[in-house]
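Visitor: structure for this input, please:
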Amino acid sequence: MVLVRSLLACIALVFVTPALAAPPCKEPEAGGKGAPMLSPPTANVVTGTGRLQFYSAPNPACAISGIFVIPKDELIAYAQTDDGWSSVMYTNPRTGNAVSGWVRSARLKETGTVGPKQ
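Guide: Below you'll find the predicted structure:
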């Protein structure tokens, strides 16, 4: 009986552990305490070297595969967290395609604002 209980506990642990280990890739509420909105949004340029990875949430485990910008690309930032993440949008000037996500704020240099001040 003890062996059966131990075996069932091990099986339960195997099926539950991956769900618990999944990264919390949920965006914070826009304009909430965790990620206050920038008013007005800011224009930014990517600095540094190499690719700047996009993330679906402000968490290093939430990378969006194949989505990144490079130095000198221009982004619009809409919100920032206290721990160094910015919610941004990038529009490819050649194709017009846009992507939104989170990037590390340290790689951005503000170049101005977008739209009227509120």
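Visitor: would you mark the buried spots in the lengthiest strand in the chain?
Guide: Using DSSP state E to define each element, the chain has its longest strand at strand 37-46. Buried residues in strand 37-46, counted by 16 or more other CB atoms under 10 Å: 38, 41-44, 46. Bear in mind the C-beta positions are built from the backbone N, C-alpha and C, glycine included.
Visitor: also stretch 108-118?
Guide: Buried residues in stretch 108-118, counted by 16+ other CB under 10 Å: residue 108.
Visitor: what does stretch 77-88 give?
Guide: Buried residues in stretch 77-88, counted by 16+ other CB under 10 Å: 77-81, 85-88.
Visitor: closest to residue 62 out of those?
Guide: Closest to residue 62 out of the buried residues of stretch 77-88 is residue 85 (10.3 Å), distances taken as CB to CB.
Visitor: so what's that closest one closest to, chain neighbours aside?
Guide: Nearest residue to residue 85, sequence neighbours excluded (CB to CB, 6 or more residues apart in numbering): residue 58, at 3.5 Å.
Visitor: and residue 14, what's its pLDDT?
Guide: With respect to pLDDT, residue 14 scores 42.
Visitor: and the helices in this protein, which stretches?
Guide: With DSSP state H as the criterion, the chain has helices at 2-21.
Visitor: so the spatially most central residue of the chain versus residue 48, what's the distance?
Guide: Geometric centre of the chain, nearest residue: residue 102, 2.8 Å, by CA atoms, centre = their mean. Separation of residue 102 from residue 48 (CB to CB, to the nearest Å): 17 Å.
Visitor: now swap in residue 69 and tell me
Guide: Note on residue 69: its distance to residue 48, by CB to CB, is 11 Å.
Visitor: the two: which is more packed in?
Guide: A count of neighbours by other CB atoms under 10 Å puts residue 69 above the other of residue 69 and residue 48, at 22 against 13.
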